[in-house]
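Engineer: Below is the sequence, then the predicted model.
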Amino acid sequence: MSTNKNFSWKAFISFYIVFSFVVLGLSGIVLYVAPPGRVANWSVWTLVALTKAQWQAVHTIFSFIFLLAASVHIYFNWKVLVAYVKSKLHEGVRMKRELASASAVGAVLLTVTIAGLPPFSTVMEVGDDIKNAWTVPTSEPPLPHAEELTVEKLAETVKLPLDKAKDNLQARGVRVDAPDATIQQIATANGLTPQQVFQRMQSADAKPQVTMGGGGWGRKTIDDICTQYAVPVDTAVARLAAAGFTATGKTTLKDLALGAGTTPLEVAKIVVGPDATINSPSSHEAK
């Protein structure tokens, strides 16, 4: 890459780095407060006309290009940077206490962040609370990644009469171009959201009989599930013990799931029993 009298690549790179910094900061904040993927994908959540997937793409691509631009910036200013670093290293030797303190603070911040300890864990928890605040029962998919299923598979999973679901879609003008088209593809072809396609599959005489909930179970405790589904805690603990889990009322579903290599939703099913219907946890989130 070379410079010329009419166009300064050094100036271009410097300006671009500043622009990228602004974009990365903005997209980082948006992703910090954006709803969980299951909700964003199901309801096609947008902010400033961009979906969550588009914000993620912007953040990722600009991160890579930022690193590339920073590398080029270093290349253009290598001699100046080397001289600057040498001078600062020389000053650093004279400022041993400051150098040691800065290094120690950096190490502590890194350790506390990785360990998930306050106050940095609180920052992440606040972000989770903001994300979950977007979720309402109507925005939750009936099961994780429901938009990736076909009409037939989704109807089968939630026990919705397939013929009636197809008739409802046809009657409401929803075009299904191929039997193997996913709910997302159908939604895109018809200018709808996956949530709206699912709603149009239903009618007064064709309602889902099973709703497994899209997510949000991990932070719930056994006590939370028992309260929501009117299950005695002793009964829940006994059911879990029979399934090989050791738990108390204060144990979270996430902890149990991680220890057994399963999902919080599967643990919740054990707690409520085989005959109960699991609904979305959004309206009953643990506080």
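Structural biologist: It's in.
Engineer: same for the helix or strand encompassing Q170, what does it pack against?
Structural biologist: Q170 belongs to helix 162-171 when assigned by DSSP states H and E. Under the contact criterion of 3 or more CB pairs under 8 Å, 6 or more residues apart in numbering; DSSP states H and E, helix 162-171 touches helix 151-157, helix 194-201. Quick note: C-beta positions are derived from backbone N, CA and C, even for glycine.
Engineer: What helices and strands are in contact with the helix or strand of the chain with the lowest mean pLDDT?
Structural biologist: Within the chain, no helix or strand scores below helix 78-94, which has a mean of 76 by mean pLDDT, DSSP states H and E. Here helix 78-94 touches helix 96-115, going by 3+ CB pairs under 8 Å, 6+ apart.
Engineer: so the helix it packs on versus helix 78-94, what angle?
Structural biologist: Interaxial angle, helix 96-115 versus helix 78-94 (axes from the mean of the first three to the mean of the last three CA atoms, to 10 degrees): 100 degrees.
Engineer: So which other helices or strands are in contact with helix 96-115?
Structural biologist: helix 78-94, helix 120-133.
Engineer: Could I get the buried residue list for stretch 48-58?
Structural biologist: K52, W55, Q56, V58 (16 or more other CB atoms under 10 Å).
Engineer: average pLDDT for that stretch?
Structural biologist: Taken as a whole, stretch 48-58 has an average pLDDT of 95.
Engineer: got the CA positions of that stretch in CSV?
Structural biologist: Once non-C-alpha atoms are left out, stretch 48-58 reads as follows in CSV (Å, rounded to 0.1, in the frame of the first residue of the first chain):
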residue,chain,number,x,y,z
VAL,A,48,-32.9,1.3,14.1
ALA,A,49,-34.2,-1.0,11.4
LEU,A,50,-31.5,-3.6,12.0
THR,A,51,-32.2,-7.1,13.3
LYS,A,52,-30.1,-8.7,16.1
ALA,A,53,-28.4,-10.9,13.5
GLN,A,54,-27.5,-7.8,11.5
TRP,A,55,-26.1,-6.0,14.6
GLN,A,56,-24.0,-9.1,15.3
ALA,A,57,-22.7,-9.1,11.8
VAL,A,58,-21.9,-5.4,12.0
